[in-house]
Each structure stands twice: as C-alpha cells, then as structure tokens.
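Student: Sharing a model prediction with you, sequence too.
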Amino acid sequence: MRRVSWLVVLVAAACGGEPATDLERSCRGRAVTNCLPYELAEIVEASATPSDIRVGDAAAELTVRLAFDRCPDLDANHEVTMQLRDGEQLQDLATLNDDGLDGDTMAGDGLIEKTIGNPFIGPMIPAGRTVQLRFQTRVRPVCDGSECIGGTCRSEAFEIDYRLGSRFTPL
C-alpha cells in the first residue's frame with residue numbers, strides 16, 4: 001500500500017503539482033495541522049487476534065497487527081496507542097512501538113506485529129459484547145533541556161470492531 005502512496009507523491013512532484021493529502025505534504029517537508037514536517041503517518045490496516053479473549057484472563061495473549069504509511073525521511077519511530085472504545089467511553093489499553101524491539105521486526109518500517117498480554121483486564125472492561133479497538137500513531141517529542149519539540153502530531157483514529165469474550169472467573 002505504501003508504494004501507491006509514494007507513486008502519487010512522485011507523480012505530483014514530477015508534475016510540479018501540489019500534494020493532495022496531508023501525508024503527501026508532510027512527506028514533502030511541510031508542516032501540517034499539529035505536525036512538524038515528516039511526522040504524520042496514516043494507519044491503513046489493523047487487526048487483533050484471537051477474538052473472544054475472556055476479560056480478566058491474565059494467561060491470554062493478543063496479537064496486534066498494524067500497518068501505516070509514513071514518511072521515509074523521518075528519523076524517529078512512531079508509537080501507536082491502542083484504546084478500547086465502548087460507546088463514548090475510551091480506555092487506554094497499550095502503546096505499541098515501531099522500534100524494532102520487543103517483537104517488532106524492524107524499526108521504522110510502518111509495520112507492527114506484536115503479541116502482548118491480555119489488555120482486557122479490570123472491572124471497567126465490558127464483557128461479552130462488541131467494542132471498537134481504536135489506534136492512533138504519533139512520534140514522541142524530542143526534549144532537550146527545558147524545551148520539547150513535536151509530539152503533538154497524531155494520525156486520524158483507525159477503529160476496528162472487536163468481540164470481547166465472557167468475564168474470566170478463576171476456580
């Protein structure tokens with residue numbers, strides 16, 4: 001999918017045209033809303049398996065796969081926040097990093113595929129129904145002394161439906 005995006009950028013650049021999207025503008029070195037040049041990313045795919053993990057089962061694991069288009073000239077890695085949305089309520093679940101560590105294959109490649117412990121722990125997590133898993137990318141701010149630069153750029157939220165299992169009750 002990234003090749004198609006870059007093809008559009010290359011054609012626009014060759015023709016002298018204005019980039020059509022915020023991602024294209026960012027990748028051409030322009031600041032876009034709340035983003036420094038090159039920071040913006042766009043999630044194009046997300047999945048979480050298996051479905052029906054039992055809420056509160058500490059032994060269960062979830063495999064999350066995320067793909068996003070990003071600017072190749074960015075010299076930092078994105079992190080992706082994963083939240084559970086149930087109606088209007090949002091709950092933070094995990095932060096996944098495209099840093100080449102902890103099961104991530106390659107830093108900065110726009111692909112995260114990690115197996116994490118069950119993020120559906122706690123009494124506030126609804127059981128036995130469909131919720132949305134919400135993902136957003138961002139680049140951490142660069143802090144030097146008393147000043148921080150960046151860190152405000154977030155992608156559009158990307159949501160997938162996810163069916164939660166019943167509540168786990170230990171024997």
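Tutor: Received it, and whenever you're ready, just let me know what you need.
Student: Quick one: low-confidence residue ranges for this structure.
Tutor: Applying pLDDT under 70 to the chain flags the ranges 1-17.
Student: okay but Leu40 is in contact with Arg30, surely?
Tutor: No. Look at Leu40 against Arg30 with CB atoms under 8 Å: they stay out of range, at 9.8 Å. All C-beta atoms are positioned from the backbone trio N, CA, C, and that covers glycine.
Student: Quick one: end-to-end length of stretch 37-53, please.
Tutor: 39 Å (CA to CA, to the nearest Å).
Student: err, stretch 111-123, not the other one
Tutor: 32 Å.
Student: which ones are touching Pro72?
Tutor: By CB atoms under 8 Å, 6 or more residues apart in numbering, Pro72 lies in contact with Cys27.
Student: now with 6 Å?
Tutor: Going by CB atoms under 6 Å, 6 or more residues apart in numbering, Pro72 touches no other residue.
Student: separation between it and Tyr38?
Tutor: Pro72 is 9 Å from Tyr38, where distance means CB to CB, to the nearest Å.
Student: same check, this time on Val139
Tutor: Counting by CB to CB - Val139 and Tyr38 are separated by 9 Å.
Student: now do Val131
Tutor: From Val131 to Tyr38 the distance is 33 Å (CB to CB).
Student: circling back: who's more crowded, Leu40 and Arg30?
Tutor: Taking other CB atoms under 10 Å, Leu40 and Arg30 do not tie; Leu40 has more neighbours (31 against 15).
Student: Show me what counts as buried in stretch 125-141.
Tutor: Along stretch 125-141, these residues count as buried under the neighbour rule (16 or more other CB atoms under 10 Å): 125-126, 131-139.
Student: what's in contact with it?
Tutor: Residues from elsewhere that reach stretch 125-141, judged by CB under 6 Å, 6+ apart: 39, 41, 43, 46, 48, 55, 68, 76, 78, 80-86, 148, 150-151, 153-155, 157-164, 166-167.
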